[in-house]
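1. how would this look folded up:
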Amino acid sequence: MVELPALGAPMFLVLGEGMNFRSRLEAVGEDTFEVAAPLETASPAELHPGHELEVFWVPPRTRVILPCRLVAVRDGAPYRWTLAPAGEPQPSNRREFVRGGAGAAVRLKSETGDLALEGRLLDISEGGLRCWIPGGVKTERGDGMTTVLWLGTEEAELEGRVHSVREAPDAPGQHLVLTFTAPENVARLIRQYIIAWEIGERRAGRV
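-> Numbers count the residues shown, from 1 in each chain. Next up is the predicted model:
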């Protein structure tokens, strides 16, 4: 078994371009390990044993990336994914988008102009965001969306595509995940917003 961080350590699951989801290491076996299932992902039915992905964690002064294979998805509490290493962990300076932030009001409009939504930000990275929308969302994967939200110091407008829509697990409504390519000035604003959010969370003892 490869050397992993300590149990409970934050880990990030790479499920697509700009789609890195925060998780944590829950258990380590002889040939596999378990991580907390991220609530942001699409239905577990869309992920099957054999699916390949990367995980990474961030010890001091470096970043470690580990290629993995999905072995099992537990669909009952505690919700966990079982992963098997598919290679050796490698230190990397490759840029990865870390997600954070929450609470900001989000306004969305379809690229055709026939759909307008309002919701609340759940988290954001330089490559995507997840938001809560009350009621039903009549959109699907691949649809174009313009998103406007306040990121601490100024308003940002992002052109993106719907990655997934799923029922919210803890409240009426749905979770909508969008991916986008942020210009550098907006990416910088997102980074500053996440850093400020993480500082606030640490002070509150939540991370």
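2. Report the contact partners of the nearest residue to T147 once chain neighbours are set aside.
-> Among residues not flanking T147 along the chain, L158 sits closest, at 4.7 Å (C-beta to C-beta, 6 or more residues apart in numbering). C-beta coordinates here come from the backbone N, C-alpha and C atoms, glycine included. Neighbouring residues of L158 by C-beta atoms under 8 Å, 6 or more residues apart in numbering: 129, 146-149, 178, 180, 182, 186.
3. if you set the cut-off to 7 Å instead, what comes out?
-> 147, 180, 182, 186 (C-beta atoms under 7 Å, 6 or more residues apart in numbering).
4. element containing the first one?
-> Element membership for T147, per DSSP states H and E: strand 144-150.
5. Put the alpha carbons of that strand into PDB.
-> Output in PDB follows, covering the C-alpha atoms of strand 144-150 (Å, rounded to 0.1, in the frame of the first residue of the first chain):
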ATOM      1  CA  GLY A 144     -24.700  27.300 -21.500                       C
ATOM      2  CA  MET A 145     -25.100  29.600 -18.500                       C
ATOM      3  CA  THR A 146     -24.000  33.100 -17.500                       C
ATOM      4  CA  THR A 147     -23.500  33.400 -13.800                       C
ATOM      5  CA  VAL A 148     -23.200  36.700 -11.800                       C
ATOM      6  CA  LEU A 149     -22.100  36.700  -8.100                       C
ATOM      7  CA  TRP A 150     -20.500  38.900  -5.500                       C
END
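6. Listing partners with orientation, what would you give for that strand?
-> strand 105-110 (antiparallel), strand 155-167 (antiparallel) (DSSP bridges).
7. Which is the succeeding secondary structure element to the first one?
-> Next helix or strand after strand 105-110 toward the C-terminus (DSSP H and E): strand 116-124.
8. Over the helix or strand following that following strand, what's the mean pLDDT, rounded is fine.
-> Counting by DSSP H and E, the element after strand 116-124 in chain order, helix or strand, is strand 128-133. Averaging pLDDT along strand 128-133 yields 90.
9. returning to that earlier point: buried ones in the strand holding T147?
-> 145-147, 149 (16 or more other C-beta atoms under 10 Å).
10. Break this protein down into its structural domains.
-> Domain segmentation of the chain under automatic domain parsing yields 10-91, 105-204.
11. how about the ones you listed in CSV, adding distance to R99?
-> Formatted as CSV, the domains of the chain follow (distance: least, C-beta to C-beta, whole Å):
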stretch, distance to R99
domain 10-91, 6
domain 105-204, 4
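12. Show me how far stretch 67-80 is from its chain's centre.
-> Once both centres are worked out by C-alpha atoms, centre = their mean, to the nearest Å, stretch 67-80 turns out to sit 16 Å from its chain's centre.
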